[in-house]
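Visitor: Whatever this is, show me its structure:
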Amino acid sequence: MTVRICLAAAALIAVTAAVARAEIVTEVVPYTVGGTTLTGYLAYDDGVTGSRPGVLVVHEWWGHNAYARRRAELLAGLGYTAFALDMYGEGKVTDHPSQAGAFAREALADLGVAEARFAAALDLLRGHPTVDAARVAAIGYCFGGGVVLHAARTGTDLDAVVSFHGSLAPKAPAAPGAVSAEILVLTGADDPLVPLTQVDAFRAEMTTAGADVEIVSYPGVVHSFTNPDATAIGERFGMPVRYDAAADADSWQRMQALFDRLFAASE
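Guide: As a prediction, the model looks like this:
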C-alpha cells in the first residue's frame, strides 16, 4: 500500500525554491524473518533527486505504531529515506505497559533473533533505490534506543546511532574497537528508568571501547520526553513518563546536526 502526503507550500519554499511541489511517499512493507511476519513502514520525499542517506527507526516498547511512523515521515521531510522497522512482528502493538513489557522481553529473549530482525530491516533500507547504501544511520526510542545501541556495540555497519530516552544497560559490553558508529545519547537527567548510575556506567563502557559518543542529559526531564502522548500515559498508569517540548525539539535538532555533519562529509 502506498500513500502520498503533500507537504505544505511554506515548508517547500524553506527547503528549495526550485521545486514547486514535492510529496512524501510512504509504503507499508511486509517482510519475513525466521518465519515471523514483520511490518515495516518506508517514507521518502520524491522531490529529492538521486540517492540519499537512509535512517532506520526503531519503535518504543509499545510496538510498531503511529508514533514510529510519524518519525519516519519527519525524517523523509528532512531529505532522508526512513524505514520504521518492526521488532515484534505479527501485529504486536499495545497501549498497556504490562503487555508492552512482555513484548519487549520476548523480542530480546534470543539476541540472535533480535539481531536478525534488525539486520533484515537494514538490508531492506540499504536496498531501496533511493538510498545511498554507504550512508545509513539508526535511531531508536526507549526500547528502540536500546536496540540501536546494541547494534552499535556489536559493530553493525552504521554511520551513526541515536538513542532517545533509551536504555543504556548492555546485554554484553562493547569490546574495545568494536564500535564503528558515532553515538548520540539523549536522556532525561531525572529519568528513574535510566538513572545516573546507568549513564555513568555507559560512559565508562564506551570509553573502554574507544567509541565516539556524546551524551546529552536534560535537567528536570523524565522518560519518553519526545512522545506527546507520554504525559497522559504516565497519568493513566502511574509511570514516570512525561512529554517535554523543549527536550523534544532540542534532541531532534541535535540528531539533525549529527546527520548533517556525517553525511555531508561522506558525499
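
Visitor: how about the helices in the protein?
Guide: 9-15, 66-77, 97-109, 111-126, 143-153, 196-209, 230-237, 245-265 (DSSP state H).

Visitor: can you pull the buried residues of the last one?
Guide: For helix 245-265, the neighbour count (16 or more other CB atoms under 10 Å) marks 247-248, 250-252, 255, 258-259, 262-263 as buried. All C-beta atoms are positioned from the backbone trio N, CA, C, and that covers glycine.

Visitor: Next, format the residues you listed as TSV and append pLDDT.
Guide: Below are those laid out as TSV (pLDDT from 0 to 100):
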residue	pLDDT
A247	98
D248	98
D250	98
S251	98
W252	98
M255	98
L258	98
F259	98
L262	96
F263	95
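
Visitor: Please export the C-alpha coordinates of stretch 169-187 as CSV.
Guide: Extracted in CSV, the C-alpha atoms of stretch 169-187 (Å, rounded to 0.1, in the frame of the first residue of the first chain):
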residue,chain,number,x,y,z
ALA,A,169,22.4,-1.1,30.0
PRO,A,170,24.2,-3.6,27.7
LYS,A,171,23.3,-7.2,27.0
ALA,A,172,27.0,-7.5,26.7
PRO,A,173,29.5,-4.6,26.9
ALA,A,174,31.2,-3.4,23.8
ALA,A,175,34.6,-4.8,23.1
PRO,A,176,37.5,-2.4,22.6
GLY,A,177,37.5,-1.3,19.0
ALA,A,178,34.1,-2.9,18.2
VAL,A,179,32.0,0.3,17.9
SER,A,180,32.4,2.0,14.5
ALA,A,181,29.2,4.1,14.5
GLU,A,182,29.2,7.6,16.1
ILE,A,183,26.8,7.5,19.0
LEU,A,184,24.5,10.3,20.3
VAL,A,185,22.6,9.5,23.5
LEU,A,186,19.7,11.9,24.6
THR,A,187,18.4,11.2,28.0
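
Visitor: Quick one: low-confidence residue ranges for the protein.
Guide: Scanning the chain for pLDDT under 70 picks out 1-22, 265-267.

Visitor: Pretty sure A43 sits against E73.
Guide: Yes: the criterion here is CB atoms under 8 Å, and A43 meets it with E73 at 4.9 Å.

Visitor: Tell me, how many residues neighbour the closest residue to D190 other than its chain neighbours?
Guide: Among residues not flanking D190 along the chain, V222 sits closest, at 5.3 Å (CB to CB, 6 or more residues apart in numbering). Other residues lying near V222 total 24 when counted by other CB atoms under 10 Å.

Visitor: for V222, what are its contacts?
Guide: When contacts are counted by CB atoms under 8 Å, 6 or more residues apart in numbering, V222 touches 188, 190-192, 240-242, 244.

Visitor: just Y218 next, same as before
Guide: Per CB under 8 Å, 6+ apart, neighbours of Y218: 186-189, 225, 244, 246-247, 250-251.

Visitor: ok, which pair from those residues is furthest apart?
Guide: Of all pairs drawn from the contacts of Y218, the one with the longest distance (CB to CB) is T187 and A246, at 14.5 Å.

Visitor: Right, I'll leave it there.
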